[in-house]
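**Student:** no sequence on this one, just coordinates:
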């Protein structure tokens, strides 16, 4: 005989005389229930307890147990182990402490005001009975609301409000492991990191709404050394750095809507430091001095995202500083003083992107300052109130295989302006407008142009000035079959069918 977890049997292994009946009783531990017999048990007797067996042959029998939920209700009688609504705990922590690994705590409707955090340090699922709209956990501006630190721990379906800490994670602290799911977090605050949620290591924040929180770093969510934020709406948060989400040395943001967050010193929507990824996100209406939508500092990858309507002093949509990669993104309708759509400072790569209808004093579409690359991208319909409506190269930067068209500048260089550097290769710079030098202009020395199409003809090898023959010069910038630009560029190592 054997017993599964959470119970015991009163008959042990051994030899029994043939034919006489043997009676076996299964006893669950408090908080568990009997879940039936398995093994050499007659089909009609698997749920009998006690079980009576005829010992006509050797038998192997296992008692299974189920873990009964532990209940929490403001109207409960608070009788341990809280396994019915009548005897329910009146506070969440008591029920969590009564539950074993794999157990569930169900929390009834109401507002649960805390004096200390709810600590979930075992593999327990803590669920509201009717969802976040009915069940609130209130830190009362005195304590963090949840501390989660087990790989199988789950907190699901709560509204988490007024959490406070002088450390990190005002609403919830996911300490290396655990999941926060289907929750709404607002009006939480932390002095250091993660006003709404701080996620360290392998934690996950899934399908949550995180709004109106604040901290120094990561007003809504801070991920550090890992962590996943998936399917969340992160809005209206505030911080010095990374008002919506901040990822340091790792972290993945997937399928999220990040809007209307405001940073006073760094990135408004998402800020990456050293590493981290954002994929399939909508990042809009955020503001910060550097990277209104996204700020990548020394790393970070943003892929297949829509970045629109953000504002900054530098890099209205995105700022990449020293490193950072922007792939397959749409950057539209952002605004900055320098780099309305994108700004690369001392590094960064923008590839396979559409950069359109952005506005800046200089570099309406993009600014490349000291280094950075824009490749395989369409830079169209952007505006500079001074110069460089499309792209501004300042003391460096590379423009490769780009179409720069229908951009405008109030003064000069509607398409491209290179100042004391910049390398342009395989580019089409045509149909831009400005008071002077509509397509391109330069200042200083050190710039180069090759295998590019613009008028007037650019100095350098392989350049042409003929009309590129777009399918529609106002909106469809693919080339007609007779275009002089086809097969007129220089092959590069990444081209497979050039």
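**Tutor:** That came through, no problem. Just so we're clear, the structure is a prediction, and the values are computed from it rather than from any experiment.

**Student:** Do you know the pLDDT at residue 164?
**Tutor:** If you check residue 164, the pLDDT there is 98.

**Student:** With adjacent residues omitted, what lies nearest to residue 365?
**Tutor:** residue 382 (3.8 Å; CB to CB, 6 or more residues apart in numbering). The way it works is simple: take the backbone N, C-alpha and C, and place the C-beta from them, glycine included.

**Student:** where's the one you found relative to residue 180, distance?
**Tutor:** 39 Å (CB to CB, to the nearest Å).

**Student:** following the helix or strand of the chain with the lowest mean pLDDT, which helix or strand shows up next?
**Tutor:** Within the chain, no helix or strand scores below strand 2-3, which has a mean of 74 by mean pLDDT, DSSP states H and E. Next helix or strand after strand 2-3 toward the C-terminus (DSSP states H and E): strand 7-9.

**Student:** What pairs with that next one, parallel or antiparallel?
**Tutor:** strand 26-28 (antiparallel) (DSSP bridges).

**Student:** what comes up buried for the strand it pairs with?
**Tutor:** Using 16 or more other CB atoms under 10 Å as the test for burial, strand 26-28 gives 26, 28.

**Student:** What of stretch 205-221?
**Tutor:** 205-206, 208-221.

**Student:** who does the stretch of helix or strand residue 385 belongs to pair up with?
**Tutor:** Take DSSP H and E as the rule and residue 385 turns out to sit in strand 383-387. Sheet pairing here is set by DSSP bridges, and for strand 383-387 it gives strand 359-362 (parallel), strand 408-412 (parallel).

**Student:** Can you redo those as CSV, where the extra columns are mean pLDDT and mean neighbour count?
**Tutor:** Formatted as CSV, the entries for those read as follows, by pLDDT from 0 to 100; neighbours: other CB atoms under 10 Å:
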stretch, mean pLDDT, mean neighbour count
strand 359-362, 98, 24
strand 408-412, 96, 21
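
**Student:** Just put those in a markdown table and tack on distance to residue 124.
**Tutor:** Output for these, formatted as a markdown table (distance: least, CB to CB, whole Å):
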| stretch | distance to residue 124 |
| --- | --- |
| strand 359-362 | 52 |
| strand 408-412 | 60 |
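
**Student:** Would you tell me which of these gets closest to residue 310?
**Tutor:** With distances scored as CB to CB, the stretch of these nearest to residue 310 is strand 359-362 (11.6 Å).

**Student:** just how off-centre is that closest one within its chain?
**Tutor:** Chain-centre distance of strand 359-362: 29 Å, with CA atoms, centre = their mean, to the nearest Å.

**Student:** Each with direction, which strands does the following helix or strand past it pair with?
**Tutor:** For strand 359-362, the following helix or strand on the C-terminal side (DSSP H and E) is strand 366-369. Here strand 366-369 has these sheet partners by DSSP bridges: strand 342-345 (parallel), strand 391-394 (parallel).

**Student:** quick one: the first one to chain centroid distance?
**Tutor:** Put simply, strand 342-345 sits 21 Å off its chain's centre (CA atoms, centre = their mean).

**Student:** what does the last one give?
**Tutor:** When distances are taken as CA atoms, centre = their mean, strand 391-394 is centred 30 Å away from the chain's centroid.

**Student:** So what touches the very next helix or strand once past it?
**Tutor:** Next helix or strand after strand 391-394 toward the C-terminus (DSSP H and E): strand 398-400. Residues from elsewhere that reach strand 398-400 (CB atoms under 8 Å, 6 or more residues apart in numbering): 368, 372-376, 391, 393, 416, 422-427, 492.

**Student:** Tell me the one among these nearest to residue 47.
**Tutor:** Using CB to CB, the contacts of strand 398-400 come closest to residue 47 at residue 376, 65.6 Å.

**Student:** And the pLDDT at that closest one?
**Tutor:** pLDDT for residue 376: 97.

**Student:** Residue 213 now?
**Tutor:** Looking at residue 213, its pLDDT reads 98.

**Student:** heads up, I number from 613, so please use that
**Tutor:** From this message on, residue numbering opens at 613, which makes the last subject residue 825.

**Student:** Quick check: it touching residue 810?
**Tutor:** No - the pair residue 825 / residue 810 is not scored as a contact, 10.8 Å apart, by CB atoms under 8 Å.

**Student:** chain center to stretch 835-854: distance?
**Tutor:** 6 Å.

**Student:** Over to stretch 844-855?
**Tutor:** Distance, centroid of stretch 844-855 to centroid of chain: 12 Å (CA atoms, centre = their mean).

**Student:** same deal with stretch 636-654?
**Tutor:** Put simply, stretch 636-654 sits 44 Å off its chain's centre (CA atoms, centre = their mean).

**Student:** for residue 708, helix, strand, or coil?
**Tutor:** Assigned state for residue 708: helix (three-state reduction, DSSP: H, G, I helix; E, B strand; the rest coil).

**Student:** Would you mind measuring from it to residue 654?
**Tutor:** 40 Å.

**Student:** Looking at these two, which one has more neighbours?
**Tutor:** residue 708 (23 against 12; other CB atoms under 10 Å).

**Student:** pretty sure the more buried one is touching residue 735, no?
**Tutor:** No - the criterion here is CB under 8 Å, and residue 708 misses it with residue 735 at 11.2 Å.

**Student:** Any stretches of this protein with poor pLDDT?
**Tutor:** For the chain, residues meeting the criterion pLDDT under 70 lie at 613, 616-618, 624-625, 628, 630-631, 642-645, 647, 678, 1108-1110.

**Student:** From the opening residue of stretch 621-638 to its closing one, how far?
**Tutor:** This stretch, stretch 621-638, spans 5 Å end to end (CA to CA, to the nearest Å).

**Student:** Pull out the buried positions in it.
**Tutor:** Within stretch 621-638, the residues that count as buried by 16+ other CB under 10 Å are 621, 623, 634, 636, 638.

**Student:** ok, residues contacting that stretch?
**Tutor:** Applying CB under 8 Å, 6+ apart, the external contacts of stretch 621-638 come out as 613-615, 619-620, 639, 646, 649, 661-668, 673, 675, 677.

**Student:** where's it relative to the chain centroid, distance-wise?
**Tutor:** Distance of stretch 621-638 from the chain centroid (CA atoms, centre = their mean) equals 57 Å.
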